[in-house]
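Visitor: No letters, just coordinates:
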DNA sequence: CTTGGAATGTCAACAAGGCTGACGTATCTT
DNA sequence: AAGATACGTCAGCCTTGTTGACATTCCAAG
């Protein structure tokens, strides 16, 4: 089956084609982060804060450990970011009821407000790109991105919206 | 024309859909850089070195200024990276003939060898993802990425292979 | 031929945000 | 009672980005 269209694939997957894909990822990711970065630059926050806010907004009540797994950084690194967000009143940390070792993270109104403005900026670009490319292109986009993830990351990517049932 | 399928678009571009796209970009980019990062971690190099090597390999003889524009960093930052690469004998810097203020950058055999191994690792993942998703998905992938770039970055993205005539 | 400005290199200082290692405390599990 | 887990924190290091200042070299315009 793989050989059935190997000719097509050989033509298709030249190093040059792949290199262009690599460069497209590089340049696109720059655009992807540009708008939130601009907003964050006016404050004392960076991309790391944005990521934390995003996933806390996405899964209110998530634990520190869970967030660590998603972000793929060390707890020391995350803690530095989280501490400033809590101190600044953007994030709330609440001791778990079932397991009191856990801390459940939620956004305050202030945190939600910042997350919204970052998210809006990023979604606006995403929306424009999706509109420009069209629904079929978007489907392909998503497929390739998913195929590019490490298996563990793919699991997390799906898990993040599993509880949305 | 935009209104002709606005219903479809409204359904299509929910915040949730866009958020998933954002997360897909986040997780996929991690995969995208994972393999080269693993190789680089064994040496005294980082992602910045990889980027420099990539674009020098892509455009042998490119000038420092040109590279600055592509990478979007300050000359001080690039210079630090470039200096170590030159000292380590991976990159050669040659004074321009037409304009002797310019330095033209090329890879040495040693540099080409490292660039190859980084590139091979990254392309292997790309190839696997492309194969898994199929040609049509790849076309869509490329379209969306391109639409996501800043106009200036899009210009550079195209310019990088213009001279390939 | 002089001079302005462009291209490059370099020094210094700093910040964000990764990392490792070590340690402490509370809490759950066995 | 002992061990494992969740979390926080201190200390120190690295890469890679930033500004600002300054020197050099050289092209090009006047």
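Guide: Ah, there it is. This one's a predicted model, so the numbers in the text were calculated from it and none came from an experiment.
Visitor: Please make it C-alpha for all contacts and neighbour counts, starting now.
Guide: Will do.
Visitor: Could you report the separation of the closest residue to residue A:111 other than its chain neighbours from DNA strand C?
Guide: Counting by C-alpha to C-alpha, 6 or more residues apart in numbering or on different chains, residue A:90 is the residue found nearest to residue A:111 once chain neighbours are left out, at 3.8 Å. Distance, residue A:90 to DNA strand C, by C-alpha to the nearest atom of the strand, to the nearest Å: 15 Å.
Visitor: what's the answer for residue A:60, then?
Guide: 20 Å.
Visitor: which residues sit in contact with that residue?
Guide: Going by C-alpha atoms under 8 Å, 6 or more residues apart in numbering or on different chains, residue A:60 touches A:104, A:105, A:106, A:107.
Visitor: swap in residue A:122?
Guide: A:32, A:33, A:35, A:36, B:22.
Visitor: Quickly find the element holding the last one.
Guide: Same thing as residue B:22. Assigned by DSSP states H and E, residue B:22 belongs to helix B:15-41.
Visitor: if we can go back for a sec, columns pLDDT, distance to residue A:49 and neighbour count on top of the contacts of residue A:60, output as CSV?
Guide: What follows is the contacts of residue A:60, written out as CSV (pLDDT from 0 to 100; distance: C-alpha to C-alpha, whole Å; neighbours: other C-alpha atoms under 10 Å in any protein chain shown):
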residue, pLDDT, distance to residue A:49, neighbour count
A:104, 98, 17, 20
A:105, 98, 14, 25
A:106, 98, 14, 24
A:107, 98, 12, 25
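Visitor: So which of those reach DNA strand D?
Guide: When contact is defined as C-alpha under 7 Å from any atom of the strand, these meet DNA strand D at residue A:104.
Visitor: What is the nearest of the contacts of residue A:60 to residue B:128?
Guide: Each of the contacts of residue A:60 was checked against residue B:128 using C-alpha to C-alpha; the closest is residue A:105, at 37.0 Å.
Visitor: That closest one should be in a helix, yeah?
Guide: No - under the criterion used here (DSSP: H, G, I helix; E, B strand; the rest coil), residue A:105 is strand, not part of a helix.
Visitor: quick one on the thing from earlier: isn't the residue nearest to residue A:111 right next to residue A:109, touching?
Guide: Yes - if you go by C-alpha atoms under 8 Å, residue A:90 and residue A:109 touch, sitting 7.4 Å apart.
Visitor: And these two? Which one has more around it.
Guide: residue A:90 (20 against 12; other C-alpha atoms under 10 Å in any protein chain shown).
Visitor: From DNA strand D, how far off is that one?
Guide: Plainly put, residue A:90 is 14 Å away from DNA strand D if you go by C-alpha to the nearest atom of the strand.
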